[in-house]
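Q: here is a sequence together with a model predicted from it:
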Amino acid sequence: MYVEEKDTVMKKVVLIVLFSALGFIRGAWATPPNFVMFITDDQGVYHSNPYGADWMRTPNMQSLADDGLMFSRAYVASPSCAPSRAALCTGLMPYNNGIVGNHENIRKEGVEPLLPILAKLGYEIAWYGKVGHGNGWYTRIPEITMIPYANKAPRGTPQRLDITDVENFIKNREDASRPLALFVGNKWPHRPWPEPETARISLEDVVVPEKTYDTPETRSEMSRYIESIERVDNRLGEVRTLIRQYLDQDNTLLLYTADHGHAWPFGKWSLYETGVRTPLIAVWPGKIKTGTTTRAMVSWIDIIPTFIDFAGAKVPWKIDGYSFKNVLLGQTDSHRDRIFAVQKGDKAMSVYPIRSLRTEQFKYILNLYPEFYYTTHMDLVGPGSPYHNRNWPSWIEAAKTDPEAAAFLRAYHSRPPEELYLVENDPFEITNLVNDPSYQKVLVEMRALVANRMNEVRDDKSLSGEPRYLKDHPLP
C-alpha cells in the first residue's frame, strides 16, 4: 500500500514537471497569440529601406527590420494575385489547389481553406482590404469577418486603405479577450499609381530597376510607383500604432510581406527573383530576436500553418506548406531546400506558362512554349486606362535607334526554352548558364526535379487564353 501510494505520488510529480517544462517551452504564448499580417500588392522585394533601397523613404518598414527578423529568401507560389493568395489561404501550391492562372476561381475538389482551423481554436478572424482576390471561394470563408469600408471609393477607382476602418473594428469587438487573426491588405503599390506631380522623389534620385532601359519616362513611372510604396509605409506605421493601443503587443506576431513582384518587366508575371521573391519581416517583442536576418527559404504556403502551429494545433490534412516557427524563434536558420513556382497567365493579357525551381544556389526556369510572344498588361494596356504603362512608348521609340533599347525589348518579348542562374552570385539573373559546360550536371538535375514535380501535380501545361506567336510579331 505504501509502495503504491509512493509510486502514485512520484507519477504526479513527474507529470507536474513535464507540464511545467512544456509551459516553459511554450513561454508566453501559452495564451494564444494574436496574428497581424500586413500585405502590400505588387511590391518588389528590393523596394524598401531594409531590402537595400536607401534612396526611398520607408521608415516603418525599416523599423520592423530593426525590431524583428528579416527574411532574405521568402517566396510566393505564383507571380500574380489570385494564385498567390489562394496558395496562402490553402497552404497548397497552385496545381494542388486548382487556382493556377490569375482571375481563376475554381478550386480543386476536396480543397479546404486553412483559416477555419484558427476559428475552431477560438480565434476571431478579420480581413480588411485586398487579402483574397476577386470573388473566389477563398475570399468568402464564413468564419472571416470582412471589415467594411467607412468611406466608399467612387465607382471605377480602387479603394485605398483607411486605417480608421481597422481601428473602429478593433475598438468595437464584442469579445476583446478572444485571440485575433487580422489580415490587412493594401491595393498599393498595385496600379494605378499616384500622378507624377504628387511624387516626393525627384527623377534624378530614382534608381531604375536592373535589366530596364532608362528614359525620362521610365523614371517618371518609377517615381509614381515609389510614391505609392511610401504611402503604404505610412499605413504600416499606423497599424503598428493600433497594435500598441488595442492589442497585447508582447503577445502579437506581426508579419509584413507582399504578394509578388513589381508590375514591371521581369517582375510580376515572371518567375525571376524579382517576380516571386518577396519581402517578409516578422516582429514579436520578446520572442523574435531584434535586428536579425535569416537565409531560411520559406514560402507563402508556410505562413498560415505557422500561425496554426503557434496557436497549438496542426493542419489535420495533407498540404504543401509547413510551419517555420523554429526559424522565427531563432532555433534554426534553415527551412526548405527547394522552392517551386508556377506562372500560367492572366487571361488573354499574359499567355506564357513558366515553371521554376529555386535551390540553395541556383534558379532553373522552364519556358514551356518559347515560340510564344511574351506579353502582359504592361505592353497591352493602352493610353486612357489607369493601368497604362506610360513609359512603354518611350522604349519602343528608343529601340528604333538604340541597340540597348532593342535588346531590352527582345529580352522581354522572347525567352529561351530553359534558363539557369547561379542566383547567389547573380541575383538579377543576368547570365544564363544553360549552355555552360561547367553547369550541365546542375541543369540535368534541376530539369529532372521540375519534370517530376509537374508529373506529381498533374501539370497540364494549359493556357490562360489565346497565345501570340513570335513569328507574327517581329522583334526590335
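A: It's in. Numbers count the residues shown, from 1 in each chain.
Q: other SSEs contacting the longest helix along the chain?
A: When the chain is parsed with DSSP state H, its longest helix is helix 216-246. In terms of contacts (3 or more CB pairs under 8 Å, 6 or more residues apart in numbering; DSSP states H and E), helix 216-246 is packed against strand 34-40, helix 59-67, helix 163-171, strand 252-258, helix 392-399. In this view, the C-beta of every residue, glycine as well, is placed from N, C-alpha and C.
Q: can I get the ones you listed in a markdown table including mean neighbour count?
A: Output for the helices and strands packed on helix 216-246, formatted as a markdown table (neighbours: other CB atoms under 10 Å):
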| stretch | mean neighbour count |
| --- | --- |
| strand 34-40 | 24 |
| helix 59-67 | 20 |
| helix 163-171 | 16 |
| strand 252-258 | 24 |
| helix 392-399 | 18 |
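Q: can you map out the helices along this protein?
A: According to DSSP H, the helices that the chain contains are 2-26, 59-67, 81-90, 94-97, 115-120, 163-171, 216-246, 273-276, 303-310, 325-328, 377-380, 392-399, 403-413, 440-456.
Q: got the angle between the longest one and helix 163-171?
A: Regarding helix 216-246 and helix 163-171, their directions subtend 20 degrees when assessed with axes from the mean of the first three to the mean of the last three CA atoms, to 10 degrees.
Q: could you give the angle of helix 216-246 to helix 392-399?
A: 140 degrees.
Q: pLDDT of helix 216-246, averaged?
A: For helix 216-246, mean pLDDT is 97.
Q: just the buried residues of it, please?
A: For helix 216-246, burial by neighbour count (16 or more other CB atoms under 10 Å) applies to 217-233, 235-240, 242-243, 246.
Q: same check on the last one?
A: Judged by neighbour count (16+ other CB under 10 Å), helix 440-456 contains these buried residues: 442, 443, 446, 447, 450, 453, 454.
Q: point out the other helices and strands that it packs with.
A: Under the contact definition 3+ CB pairs under 8 Å, 6+ apart, helix 440-456 sits against strand 338-346, strand 350-359, strand 362-367, strand 418-422.
Q: so which of the helices and strands packed on helix 216-246 is nearest residue 308?
A: strand 34-40 (9.8 Å; CB to CB).
Q: the closest one pairs with which strands?
A: Strand pairing for strand 34-40, using DSSP bridges, gives strand 180-185 (parallel), strand 252-258 (parallel).
Q: so the first one versus helix 303-310, what angle?
A: Right, the one you point to is strand 180-185. Interaxial angle, strand 180-185 versus helix 303-310 (the same axes, to 10 degrees): 160 degrees.
Q: what does the last one give?
A: Regarding strand 252-258 and helix 303-310, their directions subtend 170 degrees when assessed with the same axes, to 10 degrees.
Q: run the chain-centre distance for strand 252-258.
A: Strand 252-258 sits 11 Å away from the centroid of its parent chain (CA atoms, centre = their mean, to the nearest Å).
Q: average model confidence for it?
A: For strand 252-258, mean pLDDT rounds to 98.
Q: what of the first one?
A: For strand 180-185, the mean pLDDT works out to 98.
Q: list the buried ones in it?
A: Neighbour counts over strand 180-185 (16+ other CB under 10 Å) mark 180, 181, 182, 183, 184, 185 as buried.
Q: which residues touch the last one?
A: By CB atoms under 8 Å, 6 or more residues apart in numbering, the contact list for residue 185 reads 39, 41, 127, 128, 129, 130, 131.
Q: state the distance from the fifth one to residue 461.
A: The gap separating residue 129 from residue 461 is 34 Å, by CB to CB, to the nearest Å.
Q: wait, residue 86 touches residue 99, no?
A: Yes - counting by CB atoms under 8 Å, residue 86 does reach residue 99; the two are 4.0 Å apart.
Q: shared neighbours, the two?
A: Jointly contacting residue 86 and residue 99 under the rule CB under 8 Å, 6+ apart are 107, 136, 138.
Q: flag whichever of those residues scores worst on pLDDT.
A: Among the shared contacts of residue 86 and residue 99, residue 136 has the lowest pLDDT, at 80.
Q: contacting residues for the closest residue to residue 319 other than its chain neighbours?
A: Leaving aside its chain neighbours, residue 319 sits nearest to residue 91 (3.7 Å; criterion: CB to CB, 6 or more residues apart in numbering). Residue 91 makes contact with 114, 301, 302, 304, 305, 315, 319, 320, 321, according to CB under 8 Å, 6+ apart.
Q: including distance to residue 385, neighbour count and pLDDT, could those go into JSON lines?
A: Listed next are the contacts of residue 91 as JSON lines, based on distance: CB to CB, whole Å; neighbours: other CB atoms under 10 Å; pLDDT from 0 to 100:
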{"residue": "114", "distance to residue 385": "36", "neighbour count": "23", "pLDDT": "98"}
{"residue": "301", "distance to residue 385": "33", "neighbour count": "27", "pLDDT": "98"}
{"residue": "302", "distance to residue 385": "36", "neighbour count": "25", "pLDDT": "98"}
{"residue": "304", "distance to residue 385": "35", "neighbour count": "26", "pLDDT": "98"}
{"residue": "305", "distance to residue 385": "39", "neighbour count": "22", "pLDDT": "98"}
{"residue": "315", "distance to residue 385": "41", "neighbour count": "17", "pLDDT": "97"}
{"residue": "319", "distance to residue 385": "38", "neighbour count": "20", "pLDDT": "98"}
{"residue": "320", "distance to residue 385": "36", "neighbour count": "19", "pLDDT": "98"}
{"residue": "321", "distance to residue 385": "36", "neighbour count": "25", "pLDDT": "98"}
